[in-house]
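Trainee: Okay, predicted coordinates and the sequence, questions at the end:
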Amino acid sequence: MSVATPYFDQLFAGNDDPWAFRQRWYEQRKRALTLAVLTRPRYRSIFEPGCANGELSAELAPRCERLVCCDTAAAAVTLAQTRLRGFSHAQVHQSRLPEEWPPGQFELIVLSELCYYLDAEDLQRLIDCALNALTDNGQLLACHWRPRIDGCPQTAEQVHEMLAQRLGMAHLAHHHDSDFLLDLWSRDGTSVATHEGLR
């Protein structure tokens, strides 16, 4: 069974940064690597589900023309809205995935520290939603904490294996270390150097 919304509500009860996104070097480094593996300087549209308090969202916002974020916890949505107040092209909604997937097409979907909270059935549905929502040249980035999390139905390895199998897209970049898995898939398998005529 997927982790229910009250779990996340409790995390944000009286705490605006339950994972210490702002303080921990681990989190800062992970965000830097996440942004570094993206093969395009800008995207027309980005969707970031499970945005939490909006720390990664605020770094994705300058890289796109339209940013849609969501979280299942009401407090997280309020925090992310505040964090993104200076970006008029950013929207934050309260929704639970995969049931409440937003309308529209996205050039990049960012699944960061989200998918192991879903059971296998819900993850399959989420991947199907992502495939239907990606543009013809769309990309999907996934980043997940590697050690097992108590109460989570899946591990990072299980999540990324299922993504690789079901997406059927070119694997453009990956960074795997003892802490987390980071992978980027794309419907357009052209490398950055090839795209710029260097190869």
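Mentor: All right, it came through fine. Everything numeric in this text was worked out from a predicted model, so none of it was measured.
Trainee: Point to the helix or strand of the protein where mean pLDDT is at its lowest.
Mentor: Lowest on mean pLDDT, DSSP states H and E among the helices and strands of the chain sits helix 192-195, with a mean of 84.
Trainee: Can you get me the centre-to-centre distance for it and its chain?
Mentor: Relative to its chain's centre, helix 192-195 lies at 24 Å (C-alpha atoms, centre = their mean, to the nearest Å).
Trainee: who touches the residue lying closest to residue 147 once chain neighbours are set aside in this structure?
Mentor: Ranked by C-beta to C-beta, 6 or more residues apart in numbering and with sequence neighbours excluded, the top spatial neighbour of residue 147 is residue 179, at 7.8 Å. Using the backbone N, CA and C atoms, a C-beta is placed for each residue, glycine as well. Residues near residue 179 by C-beta atoms under 8 Å, 6 or more residues apart in numbering: 26, 30, 145-147.
Trainee: farthest pair in those residues?
Mentor: Within the contacts of residue 179, 30 and 147 form the most distant pair, 13.7 Å apart (C-beta to C-beta).
Trainee: Look up how far residue 92 lies from residue 71.
Mentor: Look at residue 71 and residue 92: by C-beta to C-beta, to the nearest Å, they are 8 Å apart.
Trainee: what about residue 130, neighbour count?
Mentor: Close neighbours of residue 130, defined as other C-beta atoms under 10 Å, add up to 24.
Trainee: List phi and psi for it.
Mentor: In terms of degrees, to the nearest 10, the main-chain angles of residue 130 are phi -60, psi -40.
Trainee: Helix or strand next in line after the longest strand belonging to the chain, which one?
Mentor: The longest strand of the chain (DSSP state E) is strand 134-145. Per DSSP states H and E, strand 134-145 leads on to helix 156-167 as the next helix or strand towards the C-terminus.
Trainee: okay, the angle between that following helix and strand 134-145?
Mentor: If you take axes from the mean of the first three to the mean of the last three C-alpha atoms, to 10 degrees, helix 156-167 sits at 170 degrees to strand 134-145.
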